[in-house]
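Novice: for reference, the sequence and a predicted model appear below.
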Amino acid sequence: MTPVYETRPTKRRSRAEMDTIRQGIRQALAEIQPATVRQTFYQLVSRGVISKTEGEYKSTVVRMLASMRRSGDIPFGWIADNTRWMRKPVSHSSLSDMLEQSQRFYRRAMWDNQPVYVEIWLEKDALSGVLYEVTAEFDVPLMVTRGYPSISYLYDAAEAIAETGKPAFLYYFGDYDPSGCDITRAVESGIREFAPNTEIHFERVAVTREQIDGWALPTRPTKQTDSRSVGFDGDSVEVDSIPPATLRDLVRHRIVQHIDRRQMAASRAIEGQERETLRNIIANMGNAGGAL
């Protein structure tokens with residue numbers, strides 16, 4: 001039976017007990033990284049390292065992950081946090097630097113010659129770093145709502161979908177709680193409202209009732225202060241409770257089923273040729289001895 005999500009504080013632990021938790025953190029993250037702090041907490045709970053309490057999350061996991069990264073015990077890159085970022089225009093030291101950067105990061109739009117259009121939608125910004133490595137690999141947009149998306153966000157997204165002129169397949173990942181389920185509804189209805197003439201296929205991939213039962217995901221009491229809790233069935237489950245590798249597999253499966261392999265191979269062959277063209281331009285400019 002899944003334990004109740006408690007809020008009592010944790011007791012003071014011995015040095016040996018703390019070392020055991022550190023070892024558990026290293027082992028879990030070595031398998032699942034990159035992961036969010038919340039996902040690390042759920043992994044430790046499922047492995048029996050700590051109990052499922054808010055005190056364990058805040059006083060144990062958050063604190064220990066900070067100290068372990070500062071000490072070099074675990075790499076900073078093992079913890080994903082995309083909720084804070086910097087805005088800055090792209091700039092270069094020189095023309096040659098710009099060309100070299102372009103050659104290194106050049107990607108041909110993979111879906112231009114595919115028969116459909118695909119997007120991955122995500123409720124939580126903190127998880128974007130967990131899923132981005134898969135969506136980036138396949139050149140698929142990762143749409144983060146940060147809770148309820150604004151009407152402007154939905155309008156712009158729907159407009160971009162409609163402009164492709166293709167059937168659109170949208171896959172949503174969010175919490176299983178009253179608001180999380182209602183956000184799914186709001187996203188789908190908003191996209192359909194602003195792209196009424198587009199063929200849209202919308203699926204909530206996670207979290208589902210079947211996953212909660214089949215995978216024994218950790219639950220928490222549903223907030224009764226949520227105005228949408230009336231009629232909601234059972235406890236709530238955060239999408240963070242699904243192991244990162246499983247989330248990435250779910251994303252990958254939804255994407256690859258739509259890919260025309262021959263068209264993708266052709267696009268990547270052309271991409272390689274275009275990268276070579278950029279390399280030749282850089283080499284020729286260097287041989288000319290120009291000041292770049």
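Specialist: Perfect, thanks for sending it.

Novice: look up how far Arg220 lies from Arg38.
Specialist: Between Arg38 and Arg220 the distance, using Cβ to Cβ, to the nearest Å, works out to 11 Å. Using the backbone N, CA and C atoms, a C-beta is placed for each residue, glycine as well.

Novice: which residues are common contacts for the two?
Specialist: Contact criterion Cβ atoms under 8 Å, 6 or more residues apart in numbering; residues shared by Arg38 and Arg220: Glu238.

Novice: just give me the longest helix of the chain.
Specialist: Ordering each helix of the chain by length in residues (DSSP state H) puts helix 261-287 first.

Novice: tell me how far Thr20 lies from Gly72.
Specialist: Counting by Cβ to Cβ, the gap from Thr20 to Gly72 is 20 Å.

Novice: what about Glu210, neighbour count?
Specialist: Glu210 is surrounded by 8 other residues when neighbours are defined as other Cβ atoms under 10 Å.

Novice: which stretch of helix or strand covers it?
Specialist: Secondary-structure assignment from DSSP states H and E places Glu210 in helix 209-215.

Novice: which elements pack onto that helix?
Specialist: Contact here means 3 or more Cβ pairs under 8 Å, 6 or more residues apart in numbering; DSSP states H and E; on that basis helix 209-215 packs against no helix or strand.

Novice: if you set the cut-off to 10 Å instead, what comes out?
Specialist: helix 244-256 (3 or more Cβ pairs under 10 Å, 6 or more residues apart in numbering; DSSP states H and E).

Novice: the helix it packs on vs helix 261-287, what angle?
Specialist: 100 degrees (axes from the mean of the first three to the mean of the last three Cα atoms, to 10 degrees).

Novice: can you pull the buried residues of helix 244-256?
Specialist: Of all the residues in helix 244-256, those buried under the rule 16 or more other Cβ atoms under 10 Å are Pro244, Leu247, Arg248, Leu250, Val251, Arg252, Arg254, Ile255.

Novice: just the buried residues of the longest helix of the chain, please?
Specialist: Residues Met264, Ser267, Arg275, Ile282 are the ones in helix 261-287 that count as buried (16+ other Cβ under 10 Å).

Novice: same check, this time on stretch 30-45
Specialist: 32-45.

Novice: so which residues of the stretch 51-200 of the chain form helices?
Specialist: With helices called from DSSP state H, counting those that start in this stretch, the stretch 51-200 of the chain shows them at 54-55, 63-70, 95-105, 128-137, 151-164, 178-194.

Novice: using JSON lines, lay out those helices together with mean neighbour count and distance to Thr208.
Specialist: Output for the helices of the stretch 51-200 of the chain, formatted as JSON lines (neighbours: other Cβ atoms under 10 Å; distance: least, Cβ to Cβ, whole Å):
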{"stretch": "helix 54-55", "mean neighbour count": "15", "distance to Thr208": "25"}
{"stretch": "helix 63-70", "mean neighbour count": "14", "distance to Thr208": "29"}
{"stretch": "helix 95-105", "mean neighbour count": "14", "distance to Thr208": "36"}
{"stretch": "helix 128-137", "mean neighbour count": "19", "distance to Thr208": "17"}
{"stretch": "helix 151-164", "mean neighbour count": "16", "distance to Thr208": "23"}
{"stretch": "helix 178-194", "mean neighbour count": "18", "distance to Thr208": "10"}
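
Novice: ranked by average pLDDT, which of the ones you listed falls at the bottom?
Specialist: Taking each of the helices of the stretch 51-200 of the chain in turn, the lowest mean pLDDT turns up on helix 95-105, with a mean of 81.

Novice: chain center to that one, what's the gap?
Specialist: Here the centre of mass of C-alpha atoms in helix 95-105, compared against the chain's by Cα atoms, centre = their mean, to the nearest Å, lies 28 Å away.
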